[in-house]
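Undergrad: can you look at this prediction? I've put the sequence above it.
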Amino acid sequence: MDSKITIRIDGELVKTDRGASIFEAAKANGKHIPGLCNMKGLKPVGACRLCMVEVAGVNRLLPSCTTPAQEGMSVTIRSARLDAYRKQALELLLSERNHVCAVCVSNGHCELQSLATALGVTNVRYGYRYPKLGVDLSHPRYVLDHNRCILCTRCVRVCAEVEGAHVWDIAGRGIHSMLTCEMNRTWGASRNCTSCGKCVQVCPTGALAEKGFAVEEMIKRTASVERLTAVRGGGR
Amino acid sequence: MGKKIVIPHITRIEGHGKVSIHLNDAGEVTSTQFHVTQVRGFEKFVEGRPYYEMPSITARICGICPISHLLASVKACDAIMAVRIPKTAEMLRELLHCAQIVQSHALSFFHLSSPDLLLGMDSDPRKRNIVGILEKHPDLARDGIALRKFGQLAIERMAGERVHPSWTVPGGVNAPLTSDSRDAILSEINIAKSIIRRAIKLFVSIIDRFEAEIESFGNEPTMYAGLVSASGDLRLYDGILRFRDPAAGGTIADVEDPLDYANYIGEGVLPHSYLKAPYFKPRGFPEGNYRVGPLARLNVAERCGTPEADEELAEYRQRLGRDVQSSFFYHYARLIEAMYGVERMEQLLNHPKILDTHVRARADVNALEGAGIAEAPRGVLIHHYKVNESGAMTWANLIIATGHNNLAMNRAVDQVAKRFVKGERIEEGMLNRVQAVVRAFDPCLSCSTHALGQTPLVIELYGPDGEALDRVSTDCD
Ligand code: SF4
Ligand code: SF4
């Protein structure tokens, strides 16, 4: 069987590896689909809903990171409908927690923030929830600020799949979902955390950061974790 | 029938406040109040946040003097980390601070107060602003703009971002100074000095026109507080907090450890204002009334410690005495301090270690409590934090410059109103003097009340039965 398949992206015929997701197929062909939870080397989960695409013949939107590309598929990754949808999804993310960029360690280096800029989110049409959320400062080197977490689960996956420590999980359901450390321990009390810092580096926002970093100082080294996963062959 | 005056907008000050003036049947002022509206909840808001976020959070309280908050805050953080920051970092912070003081003093003198001083307190209010100055005294207006720009550009060269620089961090600063920036700032020092020289000359030449104002602009004995070095030189970034009482013959207290401030400063509450009224504890409230800011700093210091500022200080003292009491002279003191600021910048920039690249100390929480004191352009600024073992904020207290001056400002407004506000008809010039005395203190009401944004002050006039009689509103600029 040919290891390559042909699909159509925004009308253009492209070749891609059999078994690749639509997201990967687009990327391999230099086409960008926005996304916050997907990361090379980690198992895709389709959590952030920003990489949604239109597939001809399917009347609902599909997350491109978890949908495999199939021979002959015709995919639209850019359209007015998708723009509006992605914008809405991002506004909902922003309204859900307390994203006070001006005082955030990740200000200026934040994937959520830059995507908001790229999608032209100039205001949020939904009421902010202003939840009262804590900051876990118990770890000697790192800090978890639930206020900035978008529940992308990159940290959960990198810790379980790459480091093998499985410190993080998501507890609760729906709007009450929260990142949790080992069945509700404080991070400092974790028995499995090796303090490797991978979760911090892959976190797209200021939710996980190194301690002592002042505003705007936290620049994540996502690429080095991606390289590591490529060497180890983790995820796919 | 009596009256009460409310000045709805004290224009040309930063912040949000109101003055009420009560009149008796004869149209004489019986009492006045200076109110400030406060937005509360700041202390609650920071609970649980990492202490090292405080500099950036507090810098956002105030768009007017963010650098002062940054510095008081990073100093409180240094104390929590229990580190001594590298000498170069200390010099760079002071350099940044001086640049901010110069630009802030330029704004206060040239943009906000020179219209009163040069066009006259009774001149046409529509022209009594920087635009009017541009028309009548274009050279002065240009000087003002240039001096402000000097300070702002220096800040930009150091910290990159003018308004809320994140360059200053707990433990030091996050990048060393480049030689290009040093040379660029140095190349403008002489121009800045000559602007200030001209302004001082001008101010001295018009002093005689303001006899009545000098007499009544908060011209009452108070104590003074400000930072000094061990040998009594003026200090803006760091030093000993000294209290001076001329009536008691000089220094009455030296606070060396910032955390000790609470033994000396009590916080009283004025019934008609949300702004706390700090007082010198050993004397009680309200007898412990003291002033801070340029006038107070020059009274507290023995000398400035830089050549030209010291020459000016000598002349200032020769004219006005060792302790200068009238708040009208805040303006004069501000100009001398601006000179000191520029000279100090020059000294620091020429220091052989200023380009050193070791500019940051790193440490964890080593103390559960820390305080930082710096001189904001308007006076002593104190940040005091408590944290838990992991560095989460559990408590915060901020005492800001305008707060220290609250009692003195109240009395000054009272004094001015009693002298200038008379009769049934309220002349604009009378009210402008009430506004002008508040401006002399250069209060920054937005940070004192933790309110965001700026709203001008309101002045209201009330009759003896409490009925509102007049509300004088001028456009804010
Ligand atoms: S993580 Fe920080 S920078 Fe990113 S959007 Fe949230 S608050 Fe803004
Ligand atoms: S902490 Fe960061 S990486 Fe983990 S789920 Fe939240 S946003 Fe994603």
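TA: Right, received. Where do you want to start? Numbering: from 1, shown residues only, chains lettered A, B, ... in the order given. Ligands and ions are numbered 1, 2, ... in the order given.
Undergrad: helix/strand/coil for the residue of chain B found nearest chain A?
TA: Nearest residue of chain B to chain A (CB to the nearest CB) works out as B:Ser56 at 3.5 Å. All C-beta atoms are positioned from the backbone trio N, CA, C, and that covers glycine. What DSSP: H, G, I helix; E, B strand; the rest coil gives for B:Ser56 is helix.
Undergrad: quick one, helices of chain A?
TA: A:22-28, A:80-96, A:111-118, A:154-157, A:198-202, A:222-232 (DSSP state H).
Undergrad: make JSON lines out of these and add distance to ligand 1.
TA: Listed next are the helices of chain A as JSON lines, based on distance: least, CB to the nearest ligand atom, whole Å:
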{"stretch": "helix A:22-28", "distance to ligand 1": "22"}
{"stretch": "helix A:80-96", "distance to ligand 1": "7"}
{"stretch": "helix A:111-118", "distance to ligand 1": "4"}
{"stretch": "helix A:154-157", "distance to ligand 1": "13"}
{"stretch": "helix A:198-202", "distance to ligand 1": "13"}
{"stretch": "helix A:222-232", "distance to ligand 1": "14"}
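Undergrad: now the ones you listed in JSON lines, with distance to B:Asp122, mean pLDDT and mean neighbour count?
TA: Compiled in JSON lines, the helices of chain A are given as follows (distance: least, CB to CB, whole Å; pLDDT from 0 to 100; neighbours: other CB atoms under 10 Å in any protein chain shown):
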{"stretch": "helix A:22-28", "distance to B:Asp122": "72", "mean pLDDT": "96", "mean neighbour count": "22"}
{"stretch": "helix A:80-96", "distance to B:Asp122": "53", "mean pLDDT": "96", "mean neighbour count": "16"}
{"stretch": "helix A:111-118", "distance to B:Asp122": "52", "mean pLDDT": "95", "mean neighbour count": "17"}
{"stretch": "helix A:154-157", "distance to B:Asp122": "67", "mean pLDDT": "97", "mean neighbour count": "24"}
{"stretch": "helix A:198-202", "distance to B:Asp122": "64", "mean pLDDT": "96", "mean neighbour count": "24"}
{"stretch": "helix A:222-232", "distance to B:Asp122": "65", "mean pLDDT": "81", "mean neighbour count": "15"}
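Undergrad: out of those, flag the one nearest B:Gly379.
TA: Ranking the helices of chain A by proximity to B:Gly379 (CB to CB) places helix A:111-118 first, at 36.9 Å.
Undergrad: between that closest one and helix A:80-96, how big is the angle?
TA: 140 degrees (axes from the mean of the first three to the mean of the last three CA atoms, to 10 degrees).
Undergrad: got a pLDDT number for the residue lying closest to B:Val300 once chain neighbours are set aside?
TA: Distance criterion CB to CB, 6 or more residues apart in numbering or on different chains; nearest residue to B:Val300, sequence neighbours excluded, is B:Gly226 at 4.0 Å. B:Gly226 is assigned 96 on the pLDDT scale.
Undergrad: please apply the same query to B:Phe280.
TA: So, for B:Phe280, pLDDT stands at 92.
Undergrad: wait, isn't it in contact with B:Met223?
TA: Yes - judged on CB atoms under 8 Å, B:Phe280 makes contact with B:Met223 at a distance of 5.8 Å.
Undergrad: what parts of chain A come near chain B?
TA: Residues of chain A lying close to chain B by CB under 8 Å from any CB of the partner chain are A:102-103, A:105, A:134-135, A:137-138, A:140, A:143, A:188, A:211-217.
Undergrad: which secondary structure elements does the helix or strand of chain A with the lowest mean pLDDT contact?
TA: When the helices and strands of chain A are scored by mean pLDDT, DSSP states H and E, helix A:222-232 comes last with a mean of 81. With contacts defined as 3 or more CB pairs under 8 Å, 6 or more residues apart in numbering or on different chains; DSSP states H and E, the packing partners of helix A:222-232 are helix A:198-202.
Undergrad: just want the most central residue of the chain.
TA: All of this is about chain A. Centroid check for chain A by CA atoms, centre = their mean gives A:Cys37 as the closest residue, at 1.8 Å.
Undergrad: other chain: chain B
TA: Closest-to-mean residue, chain B, CA atoms, centre = their mean: B:Arg378 / 0.6 Å.
Undergrad: isn't it right up against B:Ile101?
TA: No - applying CB under 8 Å, one finds B:Arg378 not in contact with B:Ile101, separated by 10.0 Å.
Undergrad: chain center to stretch B:210-221, what's the gap?
TA: 19 Å (CA atoms, centre = their mean, to the nearest Å).
Undergrad: check stretch B:346-366 too.
TA: Taking mean C-alpha positions (CA atoms, centre = their mean), stretch B:346-366 and its chain are 26 Å apart.
Undergrad: buried set for it?
TA: B:346-349, B:354-356, B:359-360, B:365 (16 or more other CB atoms under 10 Å in any protein chain shown).
Undergrad: next one: stretch B:81-97
TA: Residues of stretch B:81-97 classed as buried by neighbour count (16+ other CB under 10 Å): B:81, B:83, B:85-86, B:88-97.
Undergrad: sketch out the low-pLDDT regions of the stretch 251-400 of chain B for me.
TA: The model of the stretch 251-400 of chain B has pLDDT under 70 over residues B:270-275.
Undergrad: helices of that one, start to end?
TA: B:261-264, B:294-300, B:307-320, B:330-349 (DSSP state H, counting those that start in this stretch).
Undergrad: ok so, going back, now the buried residues of stretch B:346-366 as TSV including distance to chain A?
TA: Listed next are the buried residues of stretch B:346-366 as TSV, based on distance: CB to the nearest CB, whole Å:
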residue	distance to chain A
B:Glu346	29
B:Gln347	28
B:Leu348	23
B:Leu349	24
B:Ile354	22
B:Leu355	22
B:Asp356	20
B:Val359	13
B:Arg360	10
B:Val365	9
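Undergrad: mind putting those residues into TSV with distance to ligand 2?
TA: TSV is the format used below for the buried residues of stretch B:346-366 (distance: CB to the nearest ligand atom, whole Å):
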residue	distance to ligand 2
B:Glu346	47
B:Gln347	47
B:Leu348	41
B:Leu349	43
B:Ile354	40
B:Leu355	38
B:Asp356	37
B:Val359	30
B:Arg360	26
B:Val365	23
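Undergrad: and the closest residue to B:Asn366 other than its chain neighbours, what are its phi and psi?
TA: Excluding its sequence neighbours, the residue lying closest to B:Asn366 (CB to CB, 6+ apart) is B:Ala82, at 3.6 Å. Main-chain dihedrals, B:Ala82, degrees, to the nearest 10: phi 50, psi 50.
Undergrad: which residues touch whatever residue of chain B ends up closest to ligand 2?
TA: Closest residue of chain B to ligand 2, CB to the nearest ligand atom: B:Pro50 (15.4 Å). Going by CB atoms under 8 Å, 6 or more residues apart in numbering or on different chains, B:Pro50 touches A:135, A:137, A:143, A:211, B:391-393.
Undergrad: from the residues you listed, which are also near ligand 1?
TA: Near ligand 1, judged by CB under 6 Å from any ligand atom, there are no entries from the contacts of B:Pro50.
Undergrad: what about these, which are in strands?
TA: Counting by DSSP state E, the contacts of B:Pro50 place A:135, A:143, B:393 in strands.
Undergrad: dump the residue contacts of the first one.
TA: The contact partners of A:Val135, taken as CB under 8 Å, 6+ apart, are A:143-147, B:48-50, B:392.
Undergrad: quickly list what it is bridged to.
TA: A:Asp145 (DSSP bridges).
Undergrad: any idea how far it is from B:Val416?
TA: 48 Å (CB to CB, to the nearest Å).
Undergrad: where's the residue nearest to B:Val300 relative to B:Gly151, distance?
TA: 21 Å.
Undergrad: what do you get for A:Arg18?
TA: A:Arg18 is 64 Å from B:Gly151, by CB to CB.
Undergrad: cool, B:Ile185 as well?
TA: From B:Ile185 to B:Gly151 the distance is 10 Å (CB to CB).
Undergrad: and what of B:His404?
TA: 23 Å.
Undergrad: who has more neighbours, those two?
TA: B:His404 (30 against 26; other CB atoms under 10 Å in any protein chain shown).
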